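>>> What follows is a protein structure lacking sequence information:
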């Protein structure tokens, strides 16, 4: 049996990022062979990942990186906010962004097969290793790649991420960067839009809003007896409020609500002596749509301690 020293354990721990006892056990099992010990730890990590795969991961973080005219935004989920704040988790997310920008994969499945930038394995195996290190289920939920002139914003320690794309001939001016950041902030504010312009709103979305407004009016005794064509005209006039809610350029600008985002854009373009067009935006909100599991910690502690409630 090989003589396993504290230095051996420390070296393996530095290489894998795993716990001291896990590394010691792996070295003993491998009879001191470091490469074999790494393999054992990875295999155990896979088993751990498979066990944790069914657990809900609704925390995590959204992060953004821009390099050489390419911007990537990714959402990676964990089971707890505590894990998402760890250095290991943050480093993994950064590596993912590097990998996405370097390779521009089509989707998450394609990303999983790529070599992880800065590592020795592909993304899938690196993810398994991270699950073993952090000891929680981790999922790479989604990412987006935007090329061209962009501005981005991260809110709440990775809670919300925004990337906005522009077409402009004044991107080199400092005041444009200020403007662009303000637009990203606008989107992350309390009432995020769904579209950029009125023309971007699908006809079915407008029809659905009209139907809701007409139903509301018919439920009002004052309008109950009005013919449908009259109600249609009244509703068409009220669609402005709908557009103000769902269209970015129609919204009141958060830093100066006397003007719309569209008016702010025109004023900035005029001031800078050029043209500015908001082309598109991407908005990720951490855990959006994921049903979280509500934990009864008092009951769990009582169960573990054998105390009856």
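That came through, no problem. Predicted, not measured: the structure shown is a model, and the values here were computed from it.

>>> what sits against residue 283?
160-162, 187-188, 192 (CB atoms under 8 Å, 6 or more residues apart in numbering). Backbone N, C-alpha and C define where each C-beta goes, glycine included.

>>> what about the stretch 51-200 of the chain, any weak spots by pLDDT?
Low-confidence segments of the stretch 51-200 of the chain, defined by pLDDT under 70, span residues 51-54, 190.

>>> How about the stretch 201-309 of the chain?
Scanning the stretch 201-309 of the chain for pLDDT under 70 picks out 224, 291-309.

>>> At which residues are the strands of it located?
Counting by DSSP state E, counting those that start in this stretch, the stretch 201-309 of the chain has strands at residues 252-253, 256-260, 276-285.

>>> re the thing from before, mind putting the contacts of residue 283 in CSV, neighbour count and distance to residue 106 included?
Written out in CSV, the entries for the contacts of residue 283 read as follows (neighbours: other CB atoms under 10 Å; distance: CB to CB, whole Å):
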residue, neighbour count, distance to residue 106
160, 19, 25
161, 25, 20
162, 26, 23
187, 24, 25
188, 20, 27
192, 16, 26
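
>>> Please narrow those to those residing in helices.
Restricting the contacts of residue 283 to those inside helices, with DSSP state H as the criterion, leaves 187-188.

>>> could you dump the contacts of residue 283 to JSON lines with distance to residue 239?
Compiled in JSON lines, the contacts of residue 283 are given as follows (distance: CB to CB, whole Å):
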{"residue": "160", "distance to residue 239": "28"}
{"residue": "161", "distance to residue 239": "30"}
{"residue": "162", "distance to residue 239": "26"}
{"residue": "187", "distance to residue 239": "22"}
{"residue": "188", "distance to residue 239": "25"}
{"residue": "192", "distance to residue 239": "20"}
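
>>> Among the contacts of residue 283, pick out the one closest to residue 287, please.
For the contacts of residue 283, the closest approach to residue 287 (CB to CB) belongs to residue 160, at 10.5 Å.

>>> I'd like the strands of the stretch 201-309 of the chain as CSV, with distance to residue 83 appended.
Written out in CSV, the entries for the strands of the stretch 201-309 of the chain read as follows (distance: least, CB to CB, whole Å):
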stretch, distance to residue 83
strand 252-253, 37
strand 256-260, 39
strand 276-285, 19
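
>>> Quick check: which of those is nearest to residue 70?
Shortest distance between residue 70 and these, using CB to CB, is found for strand 276-285: 13.5 Å.

>>> Pull up the pairing partners for the closest one, direction included.
Taking DSSP bridges as the criterion, strand 276-285 pairs within the sheet with strand 160-168 (antiparallel).

>>> what's in contact with the strand it pairs with?
By CB under 8 Å, 6+ apart, strand 160-168 touches 62-64, 71, 73, 75, 144, 146, 148-155, 176, 180, 183-184, 187-188, 269, 274-286.
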